[in-house]
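Chemist: sequence? don't have it. structure:
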Ligand SMILES: NC(=O)c1ccc[n+]([C@@H]2O[C@H](COP(=O)([O-])OP(=O)(O)OC[C@H]3O[C@@H](n4cnc5c(N)ncnc54)[C@H](O)[C@@H]3O)[C@@H](O)[C@H]2O)c1
């Protein structure tokens, strides 16, 4: 196979991906086919031939067998946060880049947390339930302003930091605890220990990630450490909290309220019953894992992932790819760009450059990055080189995939 620059780019989008993504990809001149539902493995194997870009959400499984049938695929866009549904190592072994949208719904989670902090601090859930039952309870007892109260954020990442800024703007004092070294934003106070945060906060909210060590890390001992009358929120991962212990802390009156969006086991589909120890408690807000579910977040995910795919096709840039090394090299006019995915072993760069030198091809720009088993090399060279160069690069023992972009 000689020089092969992608002329017509075929895109297959499954699971009703947002119209903004379709528009963005069509604007690149790609031929986009949209399918409403997820496809099962056999159907996807049938449809994947000749497709250059595949877009999915959480329901489509991209298995090693699907990837083996994908004769033209260069990248997969997961138009969601998680990528467990894709066989990432199998994709990397074929030089197929996978992108997702890790930050697109953080603002939505933060806004829900703010709404819940205010609702619980004002005991709105109980007032609302009372009114629907004909009870006019105008009492101020137990209702507070959030201004001047202390918010304790556990996990100061993308979501925790945004919440920190918004909560301070609403007049709250903010403390945080993170296992990693994190810069305190604005006036936020960094706690030396989780215990310090629990003992000093009026509201404790969890925004930790789902690493295995976090399973069950917040239980009876942590609830006991919290201030009497404090409020608890979890919009991070269901597995991190012991819900039996949370129920006890609420029933005993030690905590005055809670909001929980994520659960250790969640119903698979719409019709399935939601089961939880937390059902039926007053001043507890339960939501069906909707922290990141807004139309704005969906639109942002569509735009973000479509952009990543377009940049990858045009420039070969892999910034924020979840399975290939991240490389971004600014493109220069009049250059051919050669992208080389290879097995990460010593001497690959030297071998590539010696092939180029042998053919008197001058390197105008070059960037290499490695990640585990694989290396990703972008090389810009003046157009007009012979096809032997590409044949020799493709013939290298370590070559996984070679793409010529212009
Ligand atoms: N409810 C929803 O719909 C929804 C939507 C988006 C994200 N999330 C979840 O929210 C969580 C936070 O997301 P993010 O994008 O901010 O993640 P992130 O990776 O940017 O931040 C997580 C932070 O938690 C810290 N951390 C991890 N374990 C800790 C521990 N035991 N104690 C203290 N700090 C700890 C990490 O060092 C990191 O700074 C994730 O679990 C994510 O899955 C939920």
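Modeler: Yep, that arrived. The structure displayed is predicted, hence computed values, not measured ones.

Chemist: what residues does the stretch 151-300 of the chain have near the ligand?
Modeler: 154-160, 177-180, 207-210, 214, 217, 235-237, 261-262, 289, 291-292 (C-beta under 6 Å from any ligand atom). C-beta here means a position set from N, CA and C on the backbone, and glycine is covered the same way.

Chemist: narrow those residues to those that are buried.
Modeler: 154-160, 177-178, 207-208, 214, 217, 235-237, 261-262, 291-292 (16 or more other C-beta atoms under 10 Å).

Chemist: gap between the residue of the stretch 301-406 of the chain found nearest the ligand and residue 53?
Modeler: As assessed by C-beta to the nearest ligand atom, the ligand sits closest to residue 301 within the stretch 301-406 of the chain, at 11.0 Å. Shown here: residue 301 relative to residue 53, a distance of 16 Å by C-beta to C-beta, to the nearest Å.

Chemist: hmm, back to that, among the buried ones among the residues of the stretch 151-300 of the chain next to the ligand, which are in strands?
Modeler: 154, 177 (DSSP state E).

Chemist: the buried ones among the residues of the stretch 151-300 of the chain next to the ligand in helices, which ones?
Modeler: With DSSP state H as the criterion, helices contain 158, 159, 160 from among those.

Chemist: show me what contacts the second one?
Modeler: Think residue 159. The contact partners of residue 159, by C-beta atoms under 8 Å, 6 or more residues apart in numbering, come to 106, 109, 110, 113, 207, 235, 236.

Chemist: SS state for the second one?
Modeler: Just to be clear, that refers to residue 109. Secondary structure for residue 109, judged by DSSP: H, G, I helix; E, B strand; the rest coil, is helix.

Chemist: pLDDT score for the nearest residue to it once chain neighbours are set aside?
Modeler: Of all residues not flanking residue 109 in the chain, residue 291 sits nearest, at 4.1 Å (C-beta to C-beta, 6 or more residues apart in numbering). Residue 291 is assigned 94 on the pLDDT scale.

Chemist: so residue 291 makes contact with residue 261?
Modeler: Yes - in terms of C-beta atoms under 8 Å, residue 291 counts as a neighbour of residue 261; the distance is 4.7 Å.

Chemist: quick check: neighbours shared by these two?
Modeler: Joint contacts of residue 291 and residue 261 (C-beta under 8 Å, 6+ apart) are 112, 235.

Chemist: packing partners of whichever strand or helix holds residue 113?
Modeler: Secondary structure assignment for residue 113, by DSSP states H and E: helix 106-121. Packing partners of helix 106-121 (3 or more C-beta pairs under 8 Å, 6 or more residues apart in numbering; DSSP states H and E): helix 158-169, strand 203-206, strand 230-234, strand 255-260, strand 284-286, helix 295-315.

Chemist: for the longest one, buried residues please.
Modeler: So that's helix 295-315. Those would be 297-298, 300-313, 315, for helix 295-315 by 16+ other C-beta under 10 Å.

Chemist: quick one: distance of that helix to the chain centre.
Modeler: Centroid displacement of helix 295-315 relative to its chain, using C-alpha atoms, centre = their mean, to the nearest Å, is 13 Å.

Chemist: same check on the third one?
Modeler: Shown here is strand 230-234, whose average C-alpha point lies 24 Å from the average C-alpha point of the whole chain (C-alpha atoms, centre = their mean).

Chemist: elements contacting the helix or strand following it?
Modeler: Heading C-terminal from strand 230-234, the first helix or strand you meet, by DSSP H and E, is helix 243-251. Judged by 3+ C-beta pairs under 8 Å, 6+ apart, helix 243-251 is in contact with helix 220-225, strand 255-260.

Chemist: quick one: the strands in the stretch 251-400 of the chain?
Modeler: Applying DSSP state E, counting those that start in this stretch to the stretch 251-400 of the chain gives strands spanning 255-260, 284-286, 335-343, 363-371, 374-382, 399-404.

Chemist: give me the pLDDT for the closest residue to the ligand within the chain.
Modeler: Residue of the chain nearest the ligand, by C-beta to the nearest ligand atom: residue 157 (1.8 Å). Note on residue 157: pLDDT of 95.

Chemist: what is the burial count for residue 81?
Modeler: By other C-beta atoms under 10 Å, the residues close to residue 81 number 16.

Chemist: next up, the contacts around it.
Modeler: Per C-beta under 8 Å, 6+ apart, neighbours of residue 81: 100, 101, 102, 104, 105, 292.

Chemist: between the residues you listed, which sits nearest residue 400?
Modeler: residue 100 (21.4 Å; C-beta to C-beta).

Chemist: what pairs with the nearest residue to the closest one once chain neighbours are set aside across the strands?
Modeler: Leaving aside its chain neighbours, residue 100 sits nearest to residue 78 (4.2 Å; criterion: C-beta to C-beta, 6+ apart). When assigned by DSSP bridges, residue 78 has beta-bridge partners residue 56.

Chemist: for residue 78, give me its contacts.
Modeler: Residue 78 neighbours (C-beta under 8 Å, 6+ apart): 56, 57, 58, 85, 86, 98, 99, 100, 101, 305, 322.
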